[in-house]
Structures are given as structure tokens and as C-alpha cells.
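# Need coordinates for the following:
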Amino acid sequence: MKLRAVAATAALVLLALAGCTSNDTLAADYANGSGEGYISGDGTLTEIPADERGKPIEFSGVGEQGEPLSSADYAGSVYVVNFWFASCPPCRVEAADLVALDEEYTDVSFLGVNIFDGPEVAASFATKFGVKYPSIMDADTASVQLAFAGVVSPNAAPTTLVIDREGRVAARISGVIREKSILSTMIDTVVAEK
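Residues are numbered from 1 along each chain as shown. Here you go, the predicted structure:
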């Protein structure tokens with residue numbers, strides 16, 4: 001029994017150290033297609049016709065700077081929600097595309113939902129990758145993940161959603177954003193809706 005406990009502890013320490021020391025290596029492996037050290041989402045793209053969308057999603061939480069954030073802040077607007085965490089290789093790979101699209105779409109807000117990290121790690125990631133939009137810190141409560149349950153697996157990362165003006169999920173990318181133009185087209189479609 002003691003041997004199992006020691007082995008389990010050693011495995012956890014190695015896993016933690018691997019996550020802390022090889023994030024950039026894992027991201028590079030993921031980007032070049034080797035996929036070593038990470039199992040990705042399946043890349044499913046889903047666009048939901050307006051008449052088939054569910055109820056508006058309501059959520060609230062606290063951002064990495066301690067600011068309150070909620071679905072009410074985005075009422076009546078099209079916005080993008082990205083579920084992520086700092087040591088997730090595809091999250092690192094797609095960060096530049098999300099930053100570029102956030103800068104391009106001045107009439108569409110972006111919001112991150114960090115499902116694993118604390119505020120310091122999330123803020124460090126934002127600085128490193130130039131992310132200007134806020135992220136809700138959801139690791140402790142999982143309240144935002146639960147609000148989107150049925151649309152997003154509660155711990156799926158990355159997953160990116162386009163939310164319509166009524167607060168309903170209109171489009172989803174499960175896994176890394178393979179091409180910036182894919183998300184751009186999804187956003188354009190929802191923005192064009194009357």
C-alpha cells in the first residue's frame with residue numbers, strides 16, 4: 001500500500017513538472033503535428049441554425065484581475081467565448097489567432113474561460129501572448145463550465161463558441177482553431193443575422 005502511495009506521488013510530481021517545464025515544447029509538438037504529450041479535441045465544427053439554438057446562457061464569475069464578469073455584460077452583442085488553460089498546447093497554438101481576431105473585430109467581444117489556472121498564471125499567459133480580453137477564472141467553481149454544459153464538455157479545452165445577440169450558442173469549434181478564417185467566417189455569419 002505504501003509503495004502505491006509513493007508511486008502515485010512520484011507520478012503526480014513528474015506530471016506537474018512536465019506541465020511546468022515543457023509547455024512550449026508540447027505546444028511546438030502539437031503545432032507540428034506530432035501530438036506528443038497531448039490528446040486534442042476532435043476538431044468538430046458546428047454551426048447551429050437560429051431556429052435550433054437553445055436558451056440563452058447565463059453565467060457570472062471573476063476575471064484574472066478580480067473584476068466581476070457576466071453574460072449580462074455582453075447582452076445584445078455577438079461575442080466569442082474560449083475555454084482554455086495555460087499549459088494546454090493547442091491553447092497556446094491558437095492564442096495568436098484569437099488575439100488577431102479580437103483586434104480585427106472591434107464590434108465583437110472576446111472572453112476567455114480559464115478552467116484550470118489561478119489568476120497569476122492566467123495573467124502571465126495573457127502578457128506572454130498579448131491577450132487583451134479578460135478571462136473568467138473558473139477552476140474553483142466550474143460555474144461557467146456548468147452554465148454551458150450540454151454545449152461544451154465541462155473540461156474541454158480548447159473549445160471556442162460564438163454567441164448570438166440573444167445569448168445563445170450559434171457556433172462551436174471543439175479543439176484547436178485550425179485556421180483563423182474558420183472562426184472568422186463563423187463570426188461573420190452570426191454578425192450578419194438580423
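
# Could you list the low-pLDDT ranges of this protein?
Scanning the chain for pLDDT under 70 picks out the ranges 1-42, 153-155.

# Now do the helices in this protein.
Under the criterion DSSP state H, the chain contains helices at 2-21, 23-31, 89-104, 119-129, 143-147, 180-192.

# Next, the angle from the third one to helix 119-129.
Looking back up the chat, that one is helix 89-104. 70 degrees (axes from the mean of the first three to the mean of the last three Cα atoms, to 10 degrees).

# So which elements touch helix 89-104?
Helix 89-104 is packed against helix 23-31, strand 79-84, strand 109-114, helix 119-129, helix 180-192, with contacts defined by 3 or more Cβ pairs under 8 Å, 6 or more residues apart in numbering; DSSP states H and E. Using the backbone N, CA and C atoms, a C-beta is placed for each residue, glycine as well.

# The third one pairs with which strands, and in what direction?
Applying DSSP bridges to the sheet, strand 109-114 is found paired with strand 79-84 (parallel), strand 135-137 (parallel).

# With respect to R172, which of those strands lies nearest?
For R172, the closest of these is strand 79-84, at 9.7 Å, according to Cβ to Cβ.

# Extract the CA atoms of that closest one and return them as PDB.
Extracted C-alpha coordinates of strand 79-84, given in PDB (Å, rounded to 0.1, in the frame of the first residue of the first chain):
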ATOM      1  CA  TYR A  79     -19.300  37.600 -28.700                       C
ATOM      2  CA  VAL A  80     -16.800  34.800 -28.600                       C
ATOM      3  CA  VAL A  81     -16.100  32.500 -25.600                       C
ATOM      4  CA  ASN A  82     -12.900  30.500 -25.500                       C
ATOM      5  CA  PHE A  83     -12.300  27.800 -22.900                       C
ATOM      6  CA  TRP A  84      -8.600  27.400 -22.200                       C
END
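
# Am I right that G63 is in contact with D73?
No. Judged on Cβ atoms under 8 Å, G63 makes no contact with D73 at a distance of 10.3 Å.

# Could you tell me which residues make contact with the spatially most central residue of the chain?
Closest residue to the average C-alpha location of the chain: F83 at 1.9 Å, with Cα atoms, centre = their mean. By Cβ atoms under 8 Å, 6 or more residues apart in numbering, the contact list for F83 reads 112-113, 115, 145, 152, 156-160.

# Try it again at 10 Å.
By Cβ atoms under 10 Å, 6 or more residues apart in numbering, the contact set of F83 is 91, 112-116, 135-136, 138, 144-145, 148, 152-161, 174.

# Then G130?
95-96, 98-100, 102-103 are the contacts of G130 under Cβ under 10 Å, 6+ apart.
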